[in-house]
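1. Build me a model:
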Amino acid sequence: MSGQDCGRYEIRLEGHLASRWSAWFDGFTLTPGADGTTVLTGVADQAALHGVLRKVADLGVPLISLTSIQGDHP
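-> Okay, the predicted model is just below:
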């Protein structure tokens, strides 16, 4: 992925996912939210982002929000 093709994203899901799911989400970091949610944060191009969203759908976990995070990323 080139830097121009990538974006940094925050995906908020309903419920808490165990940290063991982190590897399944293609390098996204899973963080439990104090509000009973799980936040996935990571850098992805559009194809990888769609793949992560398909995995969320496959799990049947409700998607609360998807946010593009502006600023520098690795």
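
2. contacting residues around the residue nearest in space to the middle of the chain?
-> Of all residues in the chain, the one closest to the mean position by C-alpha atoms, centre = their mean is L40, 3.5 Å from it. L40 makes contact with Y9, E10, I11, R12, L13, F25, F28, T29, L30, T31, V52, according to C-beta atoms under 8 Å, 6 or more residues apart in numbering. The way it works is simple: take the backbone N, C-alpha and C, and place the C-beta from them, glycine included.

3. got CSV for these, with distance to L63, neighbour count and pLDDT too?
-> Below are the contacts of L40 laid out as CSV (distance: C-beta to C-beta, whole Å; neighbours: other C-beta atoms under 10 Å; pLDDT from 0 to 100):
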residue, distance to L63, neighbour count, pLDDT
Y9, 12, 20, 96
E10, 12, 16, 96
I11, 7, 22, 97
R12, 8, 18, 97
L13, 6, 19, 97
F25, 13, 20, 89
F28, 13, 23, 92
T29, 17, 12, 93
L30, 14, 21, 95
T31, 16, 16, 95
V52, 11, 20, 94
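
4. Please flag which of those residues sit within helices.
-> Among the contacts of L40, the ones falling in helices (DSSP state H) are V52.

5. Just name the closest of the contacts of L40 to L66, please.
-> I11 (5.3 Å; C-beta to C-beta).

6. Now for the closest one: which residues touch it?
-> I11 makes contact with F28, V39, L40, T41, V52, L53, V56, L63, S65, L66, T67, according to C-beta under 8 Å, 6+ apart.

7. Pull out the buried members of the residues you listed.
-> Among the contacts of I11, those classed as buried by 16 or more other C-beta atoms under 10 Å are F28, V39, L40, V52, V56.

8. Can you verify my assumption that the first one contacts L49?
-> No: judged on C-beta atoms under 8 Å, F28 makes no contact with L49 at a distance of 9.7 Å.

9. Who are the contact partners of K55?
-> With contact set as C-beta under 8 Å, 6+ apart, K55 has these partners: W24, F25.
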